[in-house]
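Trainee: kindly return the folded structure for what I paste below:
(one chain, ligands or ions: 2)
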Amino acid sequence: MSLSSFEVQIKRLAGHEDIKLPQKMSELASGFDLHAAVSEPIILSPGQRELIPTGFALSMPPELEAQIRPRSGLAYKHGITSLNSPGTIDADYRGEVKVLLINHGQEPFTIQRNERIAQMVFQLVPQINLVEVTELTETERGSGGFGHTGR
Ligand SMILES: O=c1ccn([C@H]2C[C@H](O)[C@@H](COP(=O)(O)OP(=O)(O)OP(=O)(O)O)O2)c(=O)[nH]1
Ligand SMILES: [Mg+2]
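Mentor: Ligands and ions are numbered 1, 2, ... in the order given. Below you'll find the predicted structure:
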């Protein structure tokens, strides 16, 4: 079975020539690790959130999006995660990709330039036509939800 592949263009932003491009850390990794393009180390106090630049912008085909997800090691060891996880990078976004980090831990955490702070996973996005109707199709579940089948 052949896997589909897509070309995604990436542009380094001025002043960030030393920042590593997103990289897969193993052959079949889902995500490309993202590096912090902070000009100087940033200290995240417990409870503090910061928008961290990555130093690049993207142009991807319309059928894709990119998701920004936490790295589990940072979450487990330091309580550092991405607040809006998964962050959404729209196919038509040409600005700098940024990572909204939050410190859910009990200790201050320092983010160094070029440190791996999160990962970016590309996903297919089906093109959807929303069609307004007055009646929906019936199902066995109906409007039951939020645990109506039991705990
Ligand atoms: O973690 C993130 C989330 C978003 N973005 C950028 C890319 C995305 O395409 C854009 C808008 O994101 P989103 O739609 O989640 O935010 P919004 O609050 O709805 O902003 P907008 O009104 O600009 O869509 O911001 C990031 O760089 N990192
Ligand atoms: Mg939006």
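Trainee: ligand 1 contacts on this structure?
Mentor: Contacts of the chain with ligand 1, taken as Cβ under 6 Å from any ligand atom, map to 68, 84, 87-90, 93, 97-98, 100. For glycine as for every other residue, the C-beta is placed from the backbone atoms N, C-alpha and C.
Trainee: which two of those residues have the greatest separation?
Mentor: Asp90 and Leu100 (15.4 Å; Cβ to Cβ).
Trainee: which of the residues of the chain next to ligand 1 fall in strands?
Mentor: 68, 87-89, 97-98, 100 (DSSP state E).
Trainee: make a markdown table out of the residues you listed and add neighbour count and pLDDT.
Mentor: Listed next are those as a markdown table, based on neighbours: other Cβ atoms under 10 Å; pLDDT from 0 to 100:
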| residue | neighbour count | pLDDT |
| --- | --- | --- |
| Ile68 | 23 | 98 |
| Gly87 | 18 | 98 |
| Thr88 | 12 | 98 |
| Ile89 | 20 | 98 |
| Val97 | 23 | 98 |
| Lys98 | 17 | 98 |
| Leu100 | 16 | 98 |
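Trainee: nearest to ligand 1, of these?
Mentor: Gly87 (2.2 Å; Cβ to the nearest ligand atom).
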